[in-house]
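In: Sequence and predicted structure, then a few things I'm wondering about:
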Amino acid sequence: MSLEKELSADGKTLTIFMDEKFDFGKVQDFRMAYGSDSGEVTSINIDLSKTEYMDSSALGMLLNMQKSMSSTVSSFSICNCRPQVAKILKISRFDKKFDIS
């Protein structure tokens, strides 16, 4: 898998660490990261500290994750964005749907 995930000690927070490129090639890995072992998860963090490139399919993946997990997950956040990625998210108005830091 080209990305990593980490579950908090209490099992309530899932953090997904994306690599340099967040694009269509990550669809399966991304789905598997949030879809498996997410029984008690109430918060999902997407860490984009390494991400230098993100395309429209990545935006779609984030929205699909939010839609499919919204019945059990109450908090979605995107953190550690590089300036160019933060700009894409802001232009796309993702700050209205996600907590972005």
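Out: Done, it's in.
In: At which residues are the helices of the protein located?
Out: Under the criterion DSSP state H, the chain contains helices at 27-35, 56-69, 83-91.
In: got the buried residues for the second one?
Out: In terms of neighbour count (16 or more other C-beta atoms under 10 Å), helix 56-69 has its buried residues at 58, 61-62, 65-66, 69. The C-beta positions use only the backbone N, C-alpha and C, and glycine is treated the same way.
In: From those, pick the one nearest Lys87.
Out: The closest of the buried residues of helix 56-69 to Lys87 turns out to be Ala58 (C-beta to C-beta; 13.8 Å).
In: Not counting residues beside it along the chain, what's closest to the closest one?
Out: Excluding the flanking residues, the one nearest Ala58 by C-beta to C-beta, 6 or more residues apart in numbering is Phe22, at 4.1 Å.
In: Counting neighbours, what do you get for that neighbour?
Out: 26 (other C-beta atoms under 10 Å).
In: Equivalent analysis for Ser74, please.
Out: When neighbours are defined as other C-beta under 10 Å, Ser74 has 11 of them.
In: got it, and Ser70?
Out: Applying other C-beta under 10 Å, we find 10 other residues in the vicinity of Ser70.
In: what does Leu48 give?
Out: Leu48 has 22 neighbours, counted by other C-beta under 10 Å.
In: what's the answer for the one 5 residues further on, then?
Out: Number of residues near Tyr53 (other C-beta under 10 Å) recorded here: 13.
In: residue contacts, it?
Out: Neighbouring residues of Tyr53 by C-beta atoms under 8 Å, 6 or more residues apart in numbering: 20-23.
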